[in-house]
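[1] 3D, please:
(chains A and B)
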Amino acid sequence: DGGITQSPKYLFRKEGQNVTLSCEQNLNHDAMYWYRQDPGQGLRLIYYSQIVNDFQKGDIAEGYSVSREKKESFPLTVTSAQKNPTAFYLCASSIRSGGPRNTIYFGEGSWLTVV
Amino acid sequence: SQELEQSPQSLIVQEGKNLTINCTSSKTLYGLYWYKQKYGEGLIFLMMLQKGGEEKSHEKITAKLDEKKQQSSLHITASQPSHAGIYLCGADEAGGTSYGKLTFGQGTILTVHP
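    The predicted structure follows:
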């Protein structure tokens, strides 16, 4: 089935560790996004990528890093510099970015908890 | 940056009742997206509106964007328990070229009692 796959669904991180969340899509979309959702709040944009080997900071990029080496993959690393990483992380994709508006699809999300 | 205010924050209705959720911005809503979310799960795309006065429907859900493009409403007719969840509006603040960077409201929690 076509879609966006995020893994793992649940992840626990110790203080001072870096962790990487995986996001893979088989929709042949150029654009991919990472959002963070905190309880009772809307989503906030962390990073986005319009095309392979290119990505831009969103509203809350501090403490996070990404890479876009393949069209179908956009992993997010939560570094030890992120002060409050416990949250629900959502990956999204769309056909293109930097043109006419189009539908943005989301994955099932990953829960990250700092222990 | 654009701020979106959703109202009400939560809503409890009896099955079969109609309901409306609003999404308001102080800035122009160039692209307004509606999503549904079950707690702890991903977002399901419902509809996207771009033009002032635009209205779209899917099954029993209708979304409208007002003429001034500063408010959108989501209306559910004859609600069912399957409609329960969190409804989120997201806005693209780009007037011309879109980069898909959305600002979201805080969400409206809908409960439908059988």
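
[2] what residue of chain A is the furthest out?
    Of all residues in chain A, residue A:100 has its C-alpha farthest from the mean position, at 22.3 Å, by C-alpha atoms, centre = their mean.

[3] residues in contact with that residue?
    Neighbour list for residue A:100: residue B:98 [criterion: C-beta atoms under 8 Å, 6 or more residues apart in numbering or on different chains]. Every residue, glycine included, has its C-beta placed from N, CA and C.

[4] Also the one 4 residues further on?
    With contact set as C-beta under 8 Å, 6+ apart, residue A:104 has these partners: A:33, A:92-94, B:33, B:45, B:90, B:100, B:102.

[5] Can I have the buried ones of those as a PyMOL selection?
    Here is the PyMOL selection string for the buried members of these, based on 16 or more other C-beta atoms under 10 Å in any protein chain shown:
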select buried, (chain A and resi 33+92+93+94) or (chain B and resi 33+90+100+102)
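
[6] Can you list the low-confidence ranges for chain A?
    Applying pLDDT under 70 to chain A flags residues A:1-2.

[7] same thing but at 90, please
    A:1-2, A:13, A:15-16, A:39-42, A:80-83, A:96-102, A:114-115 (pLDDT under 90).

[8] Give me the spatial nearest neighbour of the residue of it at minimum distance from chain B, chain neighbours excluded.
    Nearest residue of chain A to chain B: residue A:42, at 3.2 Å (C-beta to the nearest C-beta). With C-beta to C-beta, 6 or more residues apart in numbering or on different chains as the measure, residue B:104 is the residue that lies nearest to residue A:42, at 3.2 Å, once sequence neighbours are left out.

[9] State the distance from that neighbour to residue B:6.
    The span separating residue B:104 from residue B:6 equals 9 Å under the rule C-beta to C-beta, to the nearest Å.

[10] and the gap between the closest residue to chain A within chain B and residue A:102?
    Scanning chain B for the residue nearest chain A gives residue B:104, at 3.2 Å (criterion: C-beta to the nearest C-beta). For residue B:104, the distance to residue A:102 (C-beta to C-beta) stands at 18 Å.

[11] more neighbours, those two?
    Between residue B:104 and residue A:102, residue B:104 has the larger neighbour count (other C-beta atoms under 10 Å in any protein chain shown), namely 23 against 16.

[12] So that one is in contact with residue A:45, correct?
    No - the pair residue B:104 and residue A:45 does not pass the contact test of C-beta atoms under 8 Å, sitting 9.0 Å apart.

[13] can you tell me the helix or strand for the spatially closest residue to residue A:55 that is not a sequence neighbour?
    Take residue A:55 and drop its neighbours on the chain: the residue closest to it by C-beta to C-beta, 6+ apart is residue A:49, 4.0 Å away. Following DSSP states H and E, the helix or strand that holds residue A:49 is strand A:43-51.

[14] Just after that strand, pick out the following helix or strand.
    Where DSSP H and E defines the elements, the next helix or strand beyond strand A:43-51 is strand A:54-57.

[15] Pull up the pairing partners for that next one, direction included.
    Taking DSSP bridges as the criterion, strand A:54-57 forms sheet pairs with strand A:43-51 (antiparallel).

[16] So for the strand it pairs with, what gets flagged as buried?
    Neighbour-count burial for strand A:43-51 flags A:43-50 (criterion: 16+ other C-beta under 10 Å).

[17] Which of the helices or strands spans residue B:56?
    Per DSSP H and E: residue B:56 is located in strand B:55-58.
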